[in-house]
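Participant: Would you be able to build a 3D model of this:
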Amino acid sequence: MEIQGLGLSSTVLSNANVKSSVGMALLNKALDADEASGDFLASMLERSVNPMVGQNIDIRI
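Facilitator: Below is the predicted model of the structure:
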């Protein structure tokens, strides 16, 4: 293997490592967003069981 080939291989592997790290960071962000959306959906479903509860206040004087 030539020295030029070794340098090129090192550059290619370094770029692949960076791309992999970026991909993992994006996946982590997407999973966090999905978890937040799931939590929001669960709270919406809990409130939809009795949608009228807590919306009106009856006051008598």
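Participant: Only C-alpha atoms from now on, for both contacts and neighbour counts.
Facilitator: Fine.
Participant: for the host helix or strand of residue 29, packing partners?
Facilitator: Here residue 29 sits within helix 3-48, counting by DSSP states H and E. Helices and strands touching helix 3-48, as assessed by 3 or more CA pairs under 8 Å, 6 or more residues apart in numbering; DSSP states H and E, are absent.
Participant: avg pLDDT for that helix?
Facilitator: The average pLDDT for helix 3-48 rounds to 87.
Participant: And stretch 46-60, what's buried?
Facilitator: Residues of stretch 46-60 classed as buried: none (neighbour count, 16 or more other CA atoms under 10 Å).
Participant: Figure out how far it is from the centre of its chain.
Facilitator: Mean-position distance between stretch 46-60 and its chain equals 33 Å (CA atoms, centre = their mean, to the nearest Å).
Participant: With stretch 12-28 instead?
Facilitator: Distance, centroid of stretch 12-28 to centroid of chain: 17 Å (CA atoms, centre = their mean).
Participant: which outside residues touch that stretch?
Facilitator: Applying CA atoms under 8 Å, 6 or more residues apart in numbering, stretch 12-28 has no contact partners.
Participant: quick one: buried residues of that stretch?
Facilitator: Buried-residue list, stretch 12-28, by 16+ other CA under 10 Å: empty.
Participant: Residue 58: what secondary structure?
Facilitator: coil (DSSP: H, G, I helix; E, B strand; the rest coil).
Participant: Give me the distance between it and residue 45.
Facilitator: Going from residue 58 to residue 45 by CA to CA, to the nearest Å gives 25 Å.
Participant: One more: residue 29?
Facilitator: From residue 29 to residue 45 the distance is 24 Å (CA to CA).
Participant: Same check on residue 28?
Facilitator: 26 Å.
Participant: residues touching the spatially most central residue of the chain, list them.
Facilitator: By CA atoms, centre = their mean, the chain has its centre lying nearest to residue 30, at 2.4 Å. Neighbouring residues of residue 30 by CA under 8 Å, 6+ apart: there are none.
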